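>>> 3D, please:
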Amino acid sequence: MARRTASATRESIRSAASTLFRQQGYAGTSVREIAALAEVDPALVIRHFGAKQVLFLETMHVTLDDEPLFDVPIESLGRRFIEVLLDSDEDVRGAYLALVRGSAESEIAQRLTTVHNETFVAPLRNRLSGPDADLRARLAAALVGGLLYALWVVGDEQLLATDHADIADRYGRLLQDILTPRD
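Modelled structure (predicted):
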């Protein structure tokens with residue numbers, strides 16, 4: 001078998017860790033399991049990344065394609081934001097769950113805060129105006145977080161079985177009321 005380069009070994013470890021952390025969470029994944037999936041010695045995982053937590057923080061990122069959020073009028077943003085979330089791929093869901101489940105670790109909790117601020121609050125804040133725009137963005141992000149909690153953490157079977165268009169209509173209206181309140 002041909003020897004891998006250091007960068008190929010590092011990438012193999014990252015890929016294995018990303019897969020396992022998304023499937024099993026931080027606590028449920030061992031360095032040995034990562035090494036086995038990457039087909040490397042466990043010592044190489046530590047050599048390349050120093051610690052499991054460092055590897056976790058390097059591989060668990062939640063990003064949304066926020067381009068669709070910029071293409072709709074502000075009056076349609078609530079529904080569109082929910083559609084984008086409901087259509088997000090398994091990688092987004094897996095990374096979000098891994099971050100939530102690992103949030104007892106302070107650095108992972110900080111990453112979750114960063115994800116909340118950069119993935120949910122900032123895109124919403126960028127679309128809003130007015131003196132309370134930041135508060136409305138934070139309230140909207142909290143509302144979105146509640147939906148993700150119900151769908152992805154709790155696994156509410158009734159919500160999961162509900163048509164995405166119905167959820168987008170109903171939850172989108174709630175979100176829209178925060179984004180563009182009636183005076």
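
>>> Please pull up the helix or strand immediately following the helix or strand bottoming out on mean pLDDT in the chain.
Lowest by mean pLDDT, DSSP states H and E among the helices and strands of the chain is helix 67-70, with a mean of 69. Once the chain leaves helix 67-70, the next helix or strand it forms, by DSSP states H and E, is helix 77-86.

>>> Could you look up the next helix or strand downstream of that next one?
Counting by DSSP H and E, the element after helix 77-86 in chain order, helix or strand, is helix 90-101.

>>> Could you point out the helix or strand that follows that following helix?
Next in sequence after helix 90-101, counting helices and strands by DSSP H and E, comes helix 106-115.

>>> for that next one, which positions count as buried?
108, 111-112, 115 (16 or more other CB atoms under 10 Å). In this view, the C-beta of every residue, glycine as well, is placed from N, C-alpha and C.

>>> got it, and stretch 32-52?
Buried-residue list, stretch 32-52, by 16+ other CB under 10 Å: 33-35, 37-38, 40, 44-45, 48-49, 52.

>>> before we move on, back to that, save the buried residues of helix 106-115 as a markdown table, and put in distance to T180 and pLDDT too.
Formatted as a markdown table, the buried residues of helix 106-115 follow (distance: CB to CB, whole Å; pLDDT from 0 to 100):
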| residue | distance to T180 | pLDDT |
| --- | --- | --- |
| I108 | 34 | 85 |
| R111 | 31 | 83 |
| L112 | 28 | 83 |
| V115 | 25 | 82 |
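
>>> Any chance of CSV for the residues you listed, columns distance to N126?
Converted to CSV, the buried residues of helix 106-115 look like this (distance: CB to CB, whole Å):
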residue, distance to N126
I108, 26
R111, 21
L112, 21
V115, 16
